[in-house]
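A.B. asks: Pasting a predicted model and its sequence here:
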Amino acid sequence: MSSKRFDAIVIGAGPGGSTIAALLANSGKRVLLVDKNSSAGGKMMSIYRDGHTYEMFPLNLVPNAPSLFEKLSATVGKSVRNVAAEVPADKTNILYGGRDGKVRPLDVSDFSTFKAVGIKGIGAIQAGLVMRKLSKMKEKDWKKLEHISALEYMNSLKMPEAMRVFVTASFGEGAFEMTSDKVPASHLVRIFQLLMSKDHPQPRYYEGGVGGFFTKMVEVVPEHGGEILWNTRVKSIDTEDGKAVGVTFENGESFVAPLIISNAGLRQTVFRYVGADKFPKEYAERIRGLQSNLADVGYRFFTTQKVLEHSTYVYFPYNCLETWHDFELMRDGKKKPTSNYIYIGSKSVFPTISANGKKQVIYAVMSSHPEPEQDLSPYLEYVEGKMKMLFPKLFEEGVIERREVMGLKEVSTFGVDKVFDGQGGESYGIANSIGQSDGDRPTCNLPIGGLYCVGNDVEGFGVGTHRAVESGFKVFEKITGSKIL
């Protein structure tokens, strides 16, 4: 390494860290990007095995109106093939489980499917009015819903059960990996407007996967005189006189910079890498008390043949609107999952992603409490049972080549580290819940000079990965508007 002094040090090459590292490097700054993994993407790091490209999690790169992935790519001059655009017939399939035990398709853009799930007559009119109300709601009105839960708000509207369940589960728990009794109704409305917009383009997926996209983006770091250190763990963020001055690695090496940006998680940054004693007491106590979002539990099925026709299926039982307390009961073994929604998907339907164009990697997951030490067997039994009902072909002899459990412990292996009891397996990090969303969300600039956080834990809006990318742009705007560099 030519020098141990940089303009900026970025800890973590997840979507947020990769974004800010690429933007800073592209602006002419000498950046050191360090990550404990062997490539970019964090929890969305691409895995290449047996000819397949896949991620640890199932995902859709939404919202995409407009896409910040495309904005980042254009800004830093790095293009990646969007293989999803080459399958225009792909779509999301909603499978609604009614009270009669039957599963029927529900397409909110096709009123002919409404009748099959019991939405007809006055109910169809009510459903249409609610959809219009949500899609047309102005900012001044949805801001009034910041401290009302999505569940409470949707229960206050007159609409058929099937539509209420679909909208609440899709744009609450489904969008934010958090129970609908915790997600602000304002978030539900905003994400509904983004995803249901007529201008909303087809979801994106890139050759090489999500991790491959970000690995391509951070190529600009060494091209502009910076360095990338893979397979390297940070021991501490070093401070002097209330300012961040550098980092020390677990191998004892130290590097200095006037700007430190952590993509390692806000709680991890405060309590593990800096130390709570370096922050105002009230700030540290607030960060400690922030709630985690839900986790994902299920399977990755590797098949010998094509099973799914499309990339995304979501199964919604009529009684799937579980609360945070319900997930606490499941964690403690006092309740078994019996009516949870399940996400089923495969990016193998897109060109270059599967081993031979016919084999598939199929995800089937449900939400769970983020405690990584809990017994996962009830969740796995539920997911497998519903998959046998929904996709019996998958379980025919010779179709499944192998399966992998998607557990909570591997989340902290690839993503943020566990720092508190009951935390560590969460899909994103800090939950988008009432009291820690919208104007209550922690800001990206921490109360230590020159120290920022980036990623899902701080400012930004959107679903998962897209939110992290937006936070990268927000951090870049704040930094360039300051006098740090």
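C.D. replies: Done, it's in. Here the structure is a predicted model, which is why all the values come from computation and not from measurement. Residues are numbered from 1 along each chain as shown.
A.B. asks: Which residues does stretch 297-307 contact?
C.D. replies: 50, 52, 54, 342, 346, 358-368, 376, 379-380, 383-384, 387, 391, 393-394, 398-408 (CB atoms under 8 Å, 6 or more residues apart in numbering). Where C-beta positions appear, they are placed from N, C-alpha and C, glycine not excepted.
A.B. asks: Which entries within those meet the buried criterion?
C.D. replies: Burial by neighbour count, 16 or more other CB atoms under 10 Å: within the contacts of stretch 297-307 this picks out 52, 54, 342, 346, 359-368, 376, 379-380, 383-384, 387, 391, 394, 399-400, 404, 406-408.
A.B. asks: and the gap between the most far-flung residue of the chain relative to its centre and residue 115?
C.D. replies: Relative to the centre of the chain, the most outlying C-alpha is that of residue 121, 37.7 Å out, by CA atoms, centre = their mean. From residue 121 across to residue 115, the span is 9 Å (CB to CB, to the nearest Å).
A.B. asks: Assign the nearest residue to residue 155 once chain neighbours are set aside to helix, strand or coil.
C.D. replies: Closest residue in space to residue 155, ignoring its immediate chain neighbours: residue 164 at 7.4 Å, by CB to CB, 6 or more residues apart in numbering. Of the three states, residue 164 takes helix according to DSSP: H, G, I helix; E, B strand; the rest coil.
A.B. asks: try residue 456
C.D. replies: Under the three-state scheme (three-state DSSP), residue 456 adopts coil.
A.B. asks: That one against residue 429, yeah?
C.D. replies: Yes. Here residue 456 reaches residue 429: they are 5.0 Å apart, a contact under CB atoms under 8 Å.
A.B. asks: More neighbours: which of those two?
C.D. replies: Remark: of residue 456 and residue 429, residue 456 carries more neighbours, 32 against 26, as counted by other CB atoms under 10 Å.
A.B. asks: quick one: contacts for the closest residue to that one other than its chain neighbours?
C.D. replies: Leaving aside its sequence neighbours, residue 456 sits nearest to residue 428 (CB to CB, 6+ apart; 4.2 Å). By CB under 8 Å, 6+ apart, the contact set of residue 428 is 177, 293, 456-457, 464, 467.
A.B. asks: Let me know the next secondary structure element after the lowest-mean-pLDDT helix or strand in the chain.
C.D. replies: Sorting the helices and strands of the chain by mean pLDDT, DSSP states H and E puts helix 409-414 at the bottom, at a mean of 68. Once the chain leaves helix 409-414, the next helix or strand it forms, by DSSP states H and E, is strand 451-453.
A.B. asks: neighbours of residue 141, just the number please.
C.D. replies: 12.
A.B. asks: err, residue 437, not the other one
C.D. replies: When neighbours are defined as other CB under 10 Å, residue 437 has 21 of them.
A.B. asks: Ok, the one 3 residues further on next?
C.D. replies: Residues near residue 440, counting by other CB under 10 Å, number 12.
A.B. asks: cool, residue 473 as well?
C.D. replies: Around residue 473 there are 20 other residues, counting by other CB under 10 Å.
A.B. asks: Quick check: pLDDT value at it.
C.D. replies: As predicted, residue 473 sits at a pLDDT of 96.
A.B. asks: I figured it hits residue 23, correct?
C.D. replies: Yes. With contact defined as CB under 8 Å, residue 473 reaches residue 23; the gap is 7.2 Å.
A.B. asks: OK, contacts around residue 130?
C.D. replies: By CB under 8 Å, 6+ apart, the neighbours of residue 130 are 157-159, 163, 167.
A.B. asks: do the same with residue 45
C.D. replies: 37, 39, 55-56, 210-211, 414 are the contacts of residue 45 under CB under 8 Å, 6+ apart.
A.B. asks: go on, residue 438?
C.D. replies: Taking CB under 8 Å, 6+ apart as the contact definition, residue 438 lies against 143, 146, 184, 186-187.
A.B. asks: Reformat the residues you listed as a markdown table; add secondary structure, distance to residue 217 and pLDDT.
C.D. replies: A markdown table is the format used below for those (DSSP: H, G, I helix; E, B strand; the rest coil; distance: CB to CB, whole Å; pLDDT from 0 to 100):
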| residue | secondary structure | distance to residue 217 | pLDDT |
| --- | --- | --- | --- |
| 143 | helix | 33 | 95 |
| 146 | coil | 33 | 95 |
| 184 | strand | 31 | 96 |
| 186 | helix | 31 | 96 |
| 187 | helix | 27 | 94 |
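A.B. asks: Could you list the residues in contact with stretch 169-182?
C.D. replies: With contact meaning CB under 8 Å, 6+ apart, stretch 169-182 is reached by 94, 149-152, 154, 168, 183, 187-188, 191-192, 195, 291, 293-296, 314, 316, 320-324, 326-327, 341, 343, 367, 426-428, 431-434, 463-464.
A.B. asks: And the average pLDDT for that stretch is what?
C.D. replies: Averaged across stretch 169-182, pLDDT comes to 93.
A.B. asks: can you give me how far it is from the chain middle?
C.D. replies: How far stretch 169-182 lies from its chain's middle: 12 Å, per CA atoms, centre = their mean, to the nearest Å.
A.B. asks: start to end distance for it?
C.D. replies: For stretch 169-182, the separation between the terminal residues is 12 Å (CA to CA, to the nearest Å).
A.B. asks: Thanks again, I'm all set now.
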